[in-house]
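>>> Please work out how this folds:
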Amino acid sequence: MAKKIEFSQDDIKLAAIAKAMSHPARVYILKKLSSMDACCYSGDLVEELPIGRSTLSQHLKELKHAELIQGEINPPFIKYCINLKNWENASKIFSELFKDYQPKTAKDEKKKCVQC
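Numbering: from 1, shown residues only. Got it, this is the predicted structure:
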């Protein structure tokens, strides 16, 4: 029996980040926050997105869980910004995923994997 592989910490983190980015609202939030020099209040985001406040809260929770953003509570406001350390790490591990990709040619397409 073949030995089963163990997932690396980077692979586990990459999967968590990809899951956190799996909704267009979350992608928008990340783009918005990464383009700003400052933090953004959740109230500002809810005015821009076609979703309700509670739905926005769930999306922000997922992004925080993946450690892509961080929030600061100053009642009654919550402001969010990119978690720079983890943002840079996410960029690195996504780059690693795609760096070895070699585009296939039409000739290569004819050589289909018979084991797949």
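>>> okay, CA-based contacts and neighbour counts for the rest of this
Will do.
>>> Now do the longest helix belonging to the chain: everything it contacts.
Across the chain, the helix with the greatest residue count (assigned by DSSP state H) is helix 84-99. Applying Cα atoms under 8 Å, 6 or more residues apart in numbering, the contact partners of helix 84-99 are D10, L14, I17, E67, L68.
>>> among the residues you listed, who's most crowded?
L68 (23 neighbours; other Cα atoms under 10 Å).
>>> Which residue is the nearest non-sequential neighbour of that one?
Of all residues beyond its chain neighbours, the one nearest L68 is N83 (5.4 Å), with distances taken as Cα to Cα, 6 or more residues apart in numbering.
>>> Where does pLDDT dip in the protein?
Residues of the chain meeting the criterion pLDDT under 70: 1, 105-116.
>>> Next, the contact list for D10, please.
D10 sits next to I93 when contact means Cα under 8 Å, 6+ apart.
>>> Adjust the sequence numbering to begin at 41 for everything that follows.
Let's use 41 as the start, then, which means that last one is D50.
>>> what secondary structure does it sit in?
When classified by DSSP: H, G, I helix; E, B strand; the rest coil, D50 comes out as helix.
>>> For it, give its distance to A58.
Distance, D50 to A58, using Cα to Cα, to the nearest Å: 12 Å.
>>> do the same with E88
Counting by Cα to Cα - E88 and A58 are separated by 23 Å.
>>> Which one's more surrounded, these two?
Shown here are E88 and A58; by other Cα under 10 Å, A58 has more neighbours (14 against 10).
>>> Specify the local secondary structure of that one.
Assigned with three-state DSSP, A58 falls in the helix class.
>>> returning to what we had before: show me what counts as buried in the longest helix of the chain.
By neighbour count on 16 or more other Cα atoms under 10 Å, the buried set for helix 124-139 is W127, A130, I133.
>>> Cool, thanks, signing off.
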